[in-house]
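Asker: Okay, predicted coordinates and the sequence, questions at the end:
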Amino acid sequence: MTERLEPLIEHLPKAELHLHIEGTLEPEMMLALAKRNNVSLPYDTVEEIHAAYRFEGLQDFLDLYYAGMSVLVEARDFHDLTRAYLDKMAGQGVRHVEIFFDPQAHTDRGVAFETVLEGITGALEEGERELGITSKLIMCFLRHLPEEQAFEALECACRHKEHIHGVGLDSGEAGNPPEKFSRVYAAARDEGFVPVAHAGEEGPAEYVRTALDDLKVARVDHGNHALDDPALTARLAREQTPLTMCPLSNLRLKGIDRLEDHPVKRAMEAGLLVTVNSDDPSYFGGYINDNYTAVADAVGLSAGDVVTLAKNSFAASFLPDADKQAHIDAVDAHAERFAGDAD
Ligand code: ADE
Ligand code: ZN
């Protein structure tokens, strides 16, 4: 199966809609930036870092994720990080990215919001100019922190509306339900930011429902546990609210025991607008094409299913309708060429 689909997936046009830019920090870059910025890390080698990446759950991962990003200090660090990700994506058929960043994880340790934004947006502009990859930036609120601090982040975002398209919600889900941020999201929507939120990754189906009803999200990040609730599943299908699923993340964070148990195929069969993404690829062992290939193999997706996932990635994006259609046409053209070559 993998052998058959890998060549189709390799250059299939696609969008990535669930990607934390800080989660692309590769061990090599972590060590290099630690040296450049004089930051001390609990690791000396790439092997030690890899050995530490065995997670028992989301919180276990988050502890290392926040510690790792302490090496990101100057605008050029955020630039180099973002540029390295885009360079990789240019070789994986990725035409458009909608990426998350976690400003509170940086401002909390004294790095200015503007420093973070300058580095990321500079690289995103280069990515469009030099690699032809378009992008939108989504600022996440850290849900384990108080509402008041989310309001402070929103205030910063309001000064940079030209660079920030949406707001999201990430970090530890258990005990931090979406409704904790109802008022921040209402304010963010009033300011014109498009709302999305992580929900149903470790949390229950109820968190997906309150993300929809209280935060009024346009897209649900992960959403796996929505599938536990038939009425909610039917609603997501009816309303075509996209889910941005991340198979290797779910496996590495022990949301599932085996990739064969991943709900992506069940979600597609239930009529949901599902997409496949990488979440924090440096930490979870694979970028977007690894996620497509591994999950297709594990749950038995057909070539047609893979093409549908790629089309969904554009349909679920925040691109204008005409751009979505042009990308979807390119997916069809690629699939037809591929089928022709395979004959
Ligand atoms: N921050 C980075 N990756 C995350 C994930 N998978 N869930 C919640 N918060 C995150
Ligand atoms: Zn995520």
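Answerer: All right, it came through fine. Ligands and ions are numbered 1, 2, ... in the order given.

Asker: And the residue nearest to Tyr185 when sequence neighbours are not counted, how far from Pro27?
Answerer: Residue nearest to Tyr185 in three dimensions, not counting chain neighbours: Leu215, with 4.3 Å by Cβ to Cβ, 6 or more residues apart in numbering. Where C-beta positions appear, they are placed from N, C-alpha and C, glycine not excepted. According to Cβ to Cβ, to the nearest Å, Leu215 and Pro27 sit 35 Å apart.

Asker: Name the residue in these two with the higher neighbour count.
Answerer: Leu215 (26 against 20; other Cβ atoms under 10 Å).

Asker: Can you name the residues of the stretch 51-200 of the chain that neighbour ligand 1?
Answerer: Listed as neighbours of ligand 1 in the stretch 51-200 of the chain under the rule Cβ under 6 Å from any ligand atom: Leu58, Tyr65, Asp170, Ser171, His198.

Asker: is it true that the last one lies in a helix?
Answerer: This means His198. No: counting by DSSP: H, G, I helix; E, B strand; the rest coil, His198 falls outside a helix, being strand.

Asker: what number of residues lie near it?
Answerer: 29.

Asker: do the same with the third one
Answerer: Applying other Cβ under 10 Å, we find 26 residues neighbouring Asp170.

Asker: from what I can see Phe284 touches Gly255, true?
Answerer: No: here Phe284 does not reach Gly255: they are 11.3 Å apart, not a contact under Cβ atoms under 8 Å.

Asker: Next up, the contacts around the residue in the stretch 1-150 of the chain that ligand 1 sits nearest to.
Answerer: Residue nearest to ligand 1 within the stretch 1-150 of the chain (Cβ to the nearest ligand atom): His20, separated by 4.2 Å. For His20, the contact set (Cβ atoms under 8 Å, 6 or more residues apart in numbering) comprises Ile99, Phe100, Phe101, Asp102, Cys140, Asp170, Asp279, Asp280.

Asker: what does Gln104 give?
Answerer: Phe141, Leu142, Leu145, Gln149, Ala150, Ala153.

Asker: Who is the residue of the stretch 1-150 of the chain closest to ligand 1 paired with across the strands?
Answerer: Phe100 (DSSP bridges).

Asker: That one and Leu8: what is the separation?
Answerer: 27 Å.

Asker: which residue ranges form the strands in the chain?
Answerer: 14-16, 94-101, 134-142, 166-170, 194-199, 219-222, 243-245, 274-276 (DSSP state E).

Asker: Rounded mean pLDDT for the third one, please.
Answerer: Here strand 134-142 scores 99 as its mean pLDDT.

Asker: In contact with Lys161, which residues?
Answerer: Per Cβ under 8 Å, 6+ apart, neighbours of Lys161: Glu191, Gly192, Phe193.

Asker: Low-confidence stretches in this structure?
Answerer: 1-3, 342-343 (pLDDT under 70).

Asker: Name the nearest residue to the residue in it positioned nearest to ligand 1, sequence neighbours excluded.
Answerer: Going by Cβ to the nearest ligand atom, ligand 1 is nearest to Asp170 of the chain, at 3.5 Å. Leaving aside its sequence neighbours, Asp170 sits nearest to Cys140 (Cβ to Cβ, 6+ apart; 4.4 Å).

Asker: for that neighbour, what are its contacts?
Answerer: Shown in contact with Cys140 (Cβ under 8 Å, 6+ apart): His20, Phe100, Phe101, Asp102, Val167, Gly168, Leu169, Asp170, Ser171.

Asker: Report the beta-bridge partner residues of it.
Answerer: Going by DSSP bridges, Cys140 is paired in beta bridges with Gly168.

Asker: Having no further points to raise, I will conclude here.
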